[in-house]
Structure formats: structure tokens, C-alpha cells
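Engineer: take this sequence and fold it.
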Amino acid sequence: MIDERFSAPAFTGAGLGSTASRDLSKQLQAELERDLMGLVGPAMRSAVAKLNHMGHKLSLAEEPTSSSIAFREQSGGAVVFVVAADIVVSVGYPDTTDLIDL
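Structural biologist: Take a look at the predicted model:
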């Protein structure tokens, strides 16, 4: 859940480039991934259902994680088609205080 743990004062208080700031960034990244997968996962399942209705035989490749979901179609023991989504979330402040170059 995105809450006050991730407020601007919380990041400022943790200190630019500090271990605490990096840990807070990782926590926020994980929360964002979970939130986004809550949207992407059902959308992918719906798209796969449509593809299967059109003749594909896709099934869940493995248990989804907080940042990825994959389906595959196999024939004769070989993977012949893949549909997957990977979520990449980047969070944090640059490790430098010279922001002019950004």
C-alpha cells in the first residue's frame, strides 16, 4: 500500500544516497510492482483467454511474481509461443547532488 511511509519528508529524512533511502526506495518499488501487477495480471489473463478462443493453447508458464506473468503454448514438449509481461519500476534519487546534468 502506498502511504505516508513514502512521503517526500520520509525520503528527505532518510538522507540522499543513504542506506535508509535505498531501503525505502526498494520498499516503494515493491509496493508499486504489486499495485501494477494487480492491474496487469487480470488484463493479461483476459488477453490470453481471447487468444485461446482464437486457437492458441496458452497456459500459465509459472506462478506469477509481483513483477511478471508469463503464458506459454507447447507442442511436442517444445515451447512454440509465449505471451509475457514484465513490470520494471525505478524509484529513488540520483546518487549525486548535481542535478543540473539531468
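Engineer: so what secondary structure elements neighbour the helix or strand of the chain at the bottom of the mean pLDDT ranking?
Structural biologist: Taking mean pLDDT, DSSP states H and E as the measure, the helix or strand of the chain with the lowest value is helix 8-14, at a mean of 92. Contact analysis of helix 8-14 by 3 or more CB pairs under 8 Å, 6 or more residues apart in numbering; DSSP states H and E lists helix 19-53 as its packing neighbours. (Each C-beta comes from the backbone N, C-alpha and C, glycine too.)
Engineer: what is the burial count for Val83?
Structural biologist: 16 (other CB atoms under 10 Å).
Engineer: give the contact list for it.
Structural biologist: Taking CB atoms under 8 Å, 6 or more residues apart in numbering, we find Val83 in contact with Met44, Ala47, Val48, Leu51, Leu58, Ala70, Phe71, Arg72.
Engineer: SS state for it?
Structural biologist: Here Val83 is strand, with the state taken from DSSP: H, G, I helix; E, B strand; the rest coil.
Engineer: tell me the bridge partners for it.
Structural biologist: Applying DSSP bridges to Val83 gives these bridge partners: Phe71.
Engineer: swap in Val79?
Structural biologist: Gln74.
Engineer: roughly how far does it sit from Leu58?
Structural biologist: 11 Å (CB to CB, to the nearest Å).
Engineer: out of the two, which sits in the more crowded spot?
Structural biologist: The neighbour comparison of Val79 against Leu58 (other CB under 10 Å) goes to Leu58, with 18 against 10.
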